[in-house]
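Colleague: Mind looking at a prediction? Sequence and model below.
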Amino acid sequence: MGKQKWKDTYQYKRIQEILNDYWLSEPNEAEVIIDMFFRHTDGQTQRKIIRWQNPAIGSHFKEWAVNKYENVDSPRGDFARDMRDDKDFPNIDDESVIYEYLIRNGACEEALKAFNAIWKVWQKHITPKPRTAKELDEIDSIGKFNIYNTEEE
């Protein structure tokens, strides 16, 4: 059996879940550094130090949508390419501001539908899923590692 890729491991997925919960309580943190130790089945330990970027910071709707859809052959892809090429397109994460901009600039019905569909996906992307009390207890008990603020105090 080959070596499992780090991003496919249970530990990686659980860390992502923990970070989603962390960024709910600290939404303005741009990144965290996680210092972890893993014990392998053969008894050896391995240290991993990982820097994680907050996915909701530094990636605004326009940037995110263009990166996700610009190479897609669909109305969403057409909309993303139009956003990319429109230097006046609002670079703000406010649905009503963007919608008003589209209306003011004569966006067709298909473009408005594509925007609404992409906006819904964006909202799911930036909103961590809610956790039950049991899940939060499990997150607290899965292991010890430190989350460091990388900004100077």
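Modeller: Everything's here; your move. Residues are numbered from 1 along each chain as shown.
Colleague: Could you list the low-pLDDT ranges of this protein?
Modeller: 1-4, 6, 23, 27-31, 49-59, 126-153 (pLDDT under 70).
Colleague: where along it do the helices fall?
Modeller: 10-25, 61-69, 75-85, 95-104, 109-126, 133-141 (DSSP state H).
Colleague: so what does the second one touch, helix or strand wise?
Modeller: When you say that, I think you mean helix 61-69. On a contact count with 3 or more Cβ pairs under 8 Å, 6 or more residues apart in numbering; DSSP states H and E, helix 61-69 meets helix 75-85, helix 109-126. Yep, even glycine has a C-beta here, placed from its N, CA and C like the rest.
Colleague: Tell me who's in contact with the closest residue to Gln46 other than its chain neighbours.
Modeller: Among residues not flanking Gln46 along the chain, Phe38 sits closest, at 4.8 Å (Cβ to Cβ, 6 or more residues apart in numbering). The neighbours of Phe38, taking Cβ atoms under 8 Å, 6 or more residues apart in numbering as the test, are Gln11, Thr45, Gln46, Arg47, Lys48.
Colleague: Tell me who's in contact with the second one.
Modeller: Read it as Thr45. Phe37, Phe38, Arg39.
Colleague: now do 6 Å
Modeller: Contact analysis of Thr45 by Cβ atoms under 6 Å, 6 or more residues apart in numbering lists Phe37, Arg39.
Colleague: swap in the last one?
Modeller: Contacts of Lys48 were listed using Cβ under 6 Å, 6+ apart, and they are Met36.
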